[in-house]
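Trainee: My questions concern the predicted model and sequence given below.
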Amino acid sequence: MDFARLEKNIIDVIKEEQAKLGYRKEKIRLYYPLSSLNHFFQLDVDETGMQEKLSRFSEYEEGKLGSVEVTNKGERFCFHIPEEGAEYVHNNMKENEFIKDLIGVISHHGCKMEDIFELFRQHSDQITIEEMHSDEFDYMICFENDPEDTYRYCFKDEGCHIIYHRFLPEDYEEFGFGK
């Protein structure tokens, strides 16, 4: 089983958390729906099948994120990452400059969507910006042809501040945002 894509996502989430909150050697719990896990592995299995696939994940991560424990309640899976995992990411993974910049931009009072568009343009001349016709989000932005960042960033201007969420491309499509 190739766990590389799941591992990358977990590390990306930890880097994002550390960019927002700062580094702290602490346990982390990350939650994933079964559908997202199936997307990571290009599978279509139920909870039992996924738990079986993930039974070897801790062994795979032993030298990096530590002894990761995976539990589930129905289709909701929890990854319990030990303190060593947070420390490993902090000490061994380069900082995600784009996420750091994005958090810096949206944390400023008066941030506008154009500020976010400009930030994406500063990081790449190959981006897609789509206006979304959804109550949840106003815009989706993604980098084209960037194997390191394939996420779909969705933004909502809530008047006094802008929020964002990033999705796997498959999750974005499954949720119907791309329609």
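Mentor: That came in fine, so what should we check first? It should be emphasised that the depicted structure is a prediction, and the values quoted were computed from it without experimental measurement.

Trainee: can we go C-alpha only for contacts and neighbour counts from here?
Mentor: OK.

Trainee: In stretch 140-160, which of the residues would be classed as buried?
Mentor: 140, 141, 142, 143, 151, 152, 153, 154, 155, 156, 157 (16 or more other CA atoms under 10 Å).

Trainee: need the contact list for the last one.
Mentor: Residues touching residue 157, when contacts are defined by CA atoms under 8 Å, 6 or more residues apart in numbering, comprise 112, 113, 137, 138, 163.

Trainee: which residues touch the first one?
Mentor: Contact partners of residue 112, counting by CA under 8 Å, 6+ apart, are 157, 162.

Trainee: Does anything pack onto the strand or helix carrying residue 84? Which helices or strands?
Mentor: Element membership for residue 84 (DSSP states H and E) is helix 83-92. Identification of packing neighbours for helix 83-92 by 3 or more CA pairs under 8 Å, 6 or more residues apart in numbering; DSSP states H and E yields helix 4-21.

Trainee: Give me the contact list for the helix it packs on.
Mentor: So helix 4-21 is in contact with 24, 30, 37, 40-41, 86, 89-90, 95-96, 99-100, 103, going by CA under 8 Å, 6+ apart.

Trainee: about what we covered before: for the helix holding residue 84, what is the average pLDDT?
Mentor: Across helix 83-92, the average pLDDT comes to 95.

Trainee: what's it in contact with?
Mentor: So helix 83-92 is contacted by 11, 14-15, 18, 23-28, 64-66 (CA under 8 Å, 6+ apart).

Trainee: mind checking how far residue 159 is from residue 153?
Mentor: Noted for residue 159: a distance of 19 Å to residue 153, by CA to CA, to the nearest Å.

Trainee: what does residue 60 give?
Mentor: 29 Å.

Trainee: same check, this time on residue 172
Mentor: Counting by CA to CA, the gap from residue 172 to residue 153 is 9 Å.

Trainee: follow-up on the earlier one: filter the contacts of helix 83-92 to the buried ones?
Mentor: Here, 16+ other CA under 10 Å leaves 11, 14, 15, 18, 23, 28, 64, 65, 66 buried among the contacts of helix 83-92.

Trainee: pLDDT and distance to residue 168 added to those residues, as JSON lines?
Mentor: Formatted as JSON lines, these follow (pLDDT from 0 to 100; distance: CA to CA, whole Å):
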{"residue": "11", "pLDDT": "96", "distance to residue 168": "14"}
{"residue": "14", "pLDDT": "96", "distance to residue 168": "16"}
{"residue": "15", "pLDDT": "94", "distance to residue 168": "16"}
{"residue": "18", "pLDDT": "94", "distance to residue 168": "20"}
{"residue": "23", "pLDDT": "94", "distance to residue 168": "25"}
{"residue": "28", "pLDDT": "97", "distance to residue 168": "20"}
{"residue": "64", "pLDDT": "94", "distance to residue 168": "23"}
{"residue": "65", "pLDDT": "96", "distance to residue 168": "21"}
{"residue": "66", "pLDDT": "94", "distance to residue 168": "24"}
